[in-house]
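Q: Sequence first, predicted model second:
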Amino acid sequence: MPTLIDRFGRRIEYLRLSVTDRCDLRCSYCMPEGFKGFEEPAHWLTFDEIERLLAAFARLGLRRVRLTGGEPLLRGNLPELAARLARLPGIEDLSLSTNATQLARHALALRAAGITRLNVSLDSLRPERIERIAGRDVLARILAGLDAAQAAGFAPIKINMVAMRGVNDDEIEDMVEFCMARGFVLRLIETMPMGETGRNAQYLDLQPVKARLAARFGLMEGEFPGGGPARYLRTPDGRFSVGFITPISQHFCATCNRVRLSVDGTLYLCLGQEERMEFRPLLRRGAGEEELTEAILQAIELKPERHEFREQPNKILRFMSMTGG
């Protein structure tokens, strides 16, 4: 059986699956407040279609799946889908990215369904600042979701903080201390020029931040298991890790192992390029296993060598929420 290796020799084993483009927040770097360009539910892949397509990917070597959105917990019966995907032969790791506003209600069911790891978006520890960034007063709900996730046994829980100059960069040390105290892994993320919202975000180069945190907290270079692009520092005792996702200041395209499937069945091969493959028409006309396999292999051949966020920051017009996390 052919494997998912692109023309640059990268093994593609990680798929980020958007189960909805809806979100209950309006984070300033992701989706504008008045955005109405959502996909219609009739255009969303059904659970059966998702299972068929991901089974085909898994037969070719896909090993990791992350459920994303929008906000994935807005998709009805998500634990059912998670359980179906967790049972697919070849899928070794099933994780979820969430803003955690709905997590307190769903944590136990998600854990029982087979999701083992969570990434939670949290850009500030100040209620008024969260309201400015996300457009909603939701800090208490996010913290309650984190409590429920820990109680349900999720580990590790990663906190994703989009670091923005003049917005929340004065809280980075506070977030480190919060994550140390709670046993969370922190990941700091540079903003990307995805759509008008991303281009208007206050970009912060994380390389000086990395040096500053290493000096203040006595951190050293380290590794953290997972399929993502973060470069990590850790405490000498290994009890705390902080990752840096730096698509602009230090891109990781040479080791990119992922693709993204949007809620309407469009496979995006790179966040920063337009190469894509439409799978919904194939699925809806009943394409068989051989045809799906061939389409997946053709799509992987389209994966570009790298993004051009620095060279062409105005290139990508779609918002991050439309691509799938």
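A: Perfect, I can see it now.

Q: so is the closest residue to residue 223 other than its chain neighbours in a helix, a strand, or just coil?
A: Once flanking residues are discounted, residue 223 sits nearest to residue 232: 6.3 Å by CB to CB, 6 or more residues apart in numbering. Where you see a C-beta, it was placed from the backbone N, CA and C, and this is true even at glycine. Here residue 232 is recorded as strand under DSSP: H, G, I helix; E, B strand; the rest coil.

Q: isn't residue 232 right next to residue 243, touching?
A: Yes: counting by CB atoms under 8 Å, residue 243 is a contact partner of residue 232 at 4.7 Å.

Q: For the nearest residue to residue 162 once chain neighbours are set aside, give the beta-bridge partners.
A: Excluding the flanking residues, the one nearest residue 162 by CB to CB, 6+ apart is residue 189, at 4.9 Å. Judged by DSSP bridges, the bridge partners of residue 189 are residue 162, residue 245.

Q: And the pLDDT for residue 189?
A: Residue 189 carries a pLDDT score of 94 in this model.

Q: Then residue 311?
A: At residue 311, pLDDT is 50.

Q: same check, this time on residue 201
A: Looking at residue 201, the pLDDT reads 56.

Q: do the same with residue 80
A: At residue 80, pLDDT is 98.

Q: I'd guess it is in a helix, am I close?
A: Yes: using three-state DSSP, the secondary structure at residue 80 is a helix.

Q: how many neighbours does the nearest residue to it once chain neighbours are set aside have?
A: Nearest residue to residue 80, sequence neighbours excluded (CB to CB, 6+ apart): residue 47, at 6.7 Å. Residue 47 is flanked by 17 other residues according to other CB atoms under 10 Å.

Q: so what's residue 47 up against?
A: For residue 47, the contact set (CB atoms under 8 Å, 6 or more residues apart in numbering) comprises 77, 80, 81, 84.

Q: what secondary structure does the nearest residue to the last one once chain neighbours are set aside sit in?
A: Nearest residue to residue 84, sequence neighbours excluded (CB to CB, 6+ apart): residue 51, at 5.1 Å. At residue 51 the chain is in helix, as set by three-state DSSP.

Q: List the residues that contact residue 51.
A: Residues counted as contacts of residue 51 (CB under 8 Å, 6+ apart) are 81, 84, 85, 88.

Q: which parts of stretch 286-295 are buried?
A: The neighbour-count check on stretch 286-295 (16 or more other CB atoms under 10 Å) flags 287, 292, 293, 295 as buried.

Q: let me fix that: stretch 140-155
A: Neighbour counts over stretch 140-155 (16+ other CB under 10 Å) mark 141, 142, 143, 144, 145, 146, 148, 149, 150, 152, 154 as buried.

Q: Which of those fall in helices?
A: Mapping those onto helices (DSSP state H) picks out 141, 142, 143, 144, 145, 146, 148, 149, 150, 152.

Q: Assess the claim that the second one and residue 100 are in contact.
A: So the one you mean is residue 142. Yes: Residue 142 is within contact range of residue 100, at 4.5 Å (criterion: CB under 8 Å).

Q: Apart from its chain neighbours, what residue comes closest to residue 257?
A: The shortest distance from residue 257 to any non-neighbouring residue, by CB to CB, 6+ apart, is to residue 14 (5.0 Å).

Q: Let me see the ranges of the strands in the chain.
A: 14-18, 64-68, 93-98, 117-121, 157-162, 185-189, 220-222, 231-234, 241-245, 258-261, 266-268, 276-278 (DSSP state E).

Q: okay, those in TSV with distance to residue 210 and mean neighbour count next?
A: Shown next, in TSV, are the strands of the chain (distance: least, CB to CB, whole Å; neighbours: other CB atoms under 10 Å):
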stretch	distance to residue 210	mean neighbour count
strand 14-18	24	24
strand 64-68	24	24
strand 93-98	23	23
strand 117-121	20	22
strand 157-162	13	22
strand 185-189	8	23
strand 220-222	10	12
strand 231-234	7	19
strand 241-245	5	23
strand 258-261	23	24
strand 266-268	28	23
strand 276-278	33	17
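
Q: With that, I have no additional questions.
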